[in-house]
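Chemist: sequence? don't have it. structure:
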């Protein structure tokens, strides 16, 4: 191979080593695909032991990555927290670049690798640190809350970070601390609009969007409901409000996963990135997953092959300026230090008001 890696074979030894993992994913991966994946999985897991490394696998990774080589799996902030706790010397981020940066921010002494430098994020790319500085000039004294789906440079310019799970709690805490009834919530417009419907704090929003979730609309949900009337529909709060209004439940990626594994609905629709359904399905074998979903092209740049190459060559290390990292760490840590919300990780459809205006920057 051009990068120096040697081709790997599906030997009886590899088959035996990976048999438990095959049982986990066999409903989502064909036997032919597994013969290609299993040798890479066995080699990656060997390299991890050799180099004292771990792989952080986001919910949107394909099943062979998520279940095959992920040492820690979950949403972006959950992975970063695990990165900070682990004793491993090397962290491979099976996700997108802003996630690798967050891991580096919380684990400055560890080597953090991203398998493909092109694994970006449309939402994170929608705003820059310079934009935030200009926003602060326009709205002096108004606290700035930043979604974790942003670069380290953007986090460094803000007061506190939030996730889709705790955005309402963080916005209200920021408003109380600043003694104001207005908060700037960046950069996801739909998350900001959905948060505004659950709080009396007035929201000032940026017009950033996730290219996966913004493509869903109310007609999609109505068609799913008509075709599968018994299915439970779960939506991510980065979707438009009209989608959440028609859903049975709305919450973060971890909340949706928890909903399925705890309640075990007979049929479920996850209105989010496609691979999440595959990964949750492995832990909910009795649930049928209906699949109206959208692929994230950036997440799909991560493969077993480039994870292997990242470990072999320790390549594409994430480096962040020390001053930027320290300021970004403060914004993330302020969020982590808040007590957990009373209703964790879900968007409250019962409390949500039908319409609330936000001020768009």
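Modeler: Sure thing, it's come through. Note that this is a predicted model, so its numbers are computed, not measured.
Chemist: where do the helices sit along the stretch 1-150 of the chain?
Modeler: With helices called from DSSP state H, counting those that start in this stretch, the stretch 1-150 of the chain shows them at 12-25, 31-51, 63-66, 76-85, 97-106, 129-138.
Chemist: Residue 159 is nearest to which of those?
Modeler: For residue 159, the closest of the helices of the stretch 1-150 of the chain is helix 129-138, at 9.7 Å, according to CB to CB. Where C-beta positions appear, they are placed from N, C-alpha and C, glycine not excepted.
Chemist: residue boundaries of the strands in the stretch 101-250 of the chain?
Modeler: Per DSSP state E, counting those that start in this stretch, the stretch 101-250 of the chain carries strands over the ranges 111-113, 144-147, 160-162, 182-186, 202-205, 232-235, 249-251.
Chemist: out of those strands, nearest to residue 329?
Modeler: Short answer: strand 160-162, nearest of these by CB to CB, at 10.1 Å.
Chemist: Walk me through which strands that closest one pairs with, and which way each runs.
Modeler: Strand pairing for strand 160-162, using DSSP bridges, gives strand 144-147 (parallel).
Chemist: Lowest average confidence across the helices of the stretch 1-150 of the chain, which one?
Modeler: In terms of average pLDDT, helix 76-85 trails the rest of these, at a mean of 84.
Chemist: Let me know the angle separating that one from helix 97-106.
Modeler: Helix 76-85 and helix 97-106 are oriented at 40 degrees to each other (axes from the mean of the first three to the mean of the last three CA atoms, to 10 degrees).
Chemist: Now do the buried residues in helix 76-85.
Modeler: 76-84 (16 or more other CB atoms under 10 Å).
Chemist: contact partners of it?
Modeler: 54, 56-58, 72-74, 91, 93, 95, 98-99, 102-103, 105-107, 110, 112, 148-149, 163, 254, 332, 336 (CB atoms under 8 Å, 6 or more residues apart in numbering).
Chemist: returning to that earlier point: of the helices of the stretch 1-150 of the chain, flag the one that's most buried.
Modeler: Of the helices of the stretch 1-150 of the chain, the one with the most neighbours on average (mean count of other CB atoms under 10 Å) is helix 97-106, at a mean of 27.
Chemist: and that helix, what does it pack onto?
Modeler: strand 53-58, helix 76-85, strand 90-94, strand 111-113, helix 152-156, helix 322-336 (3 or more CB pairs under 8 Å, 6 or more residues apart in numbering; DSSP states H and E).
Chemist: Out of these, which gets nearest to residue 22?
Modeler: strand 53-58 (17.1 Å).
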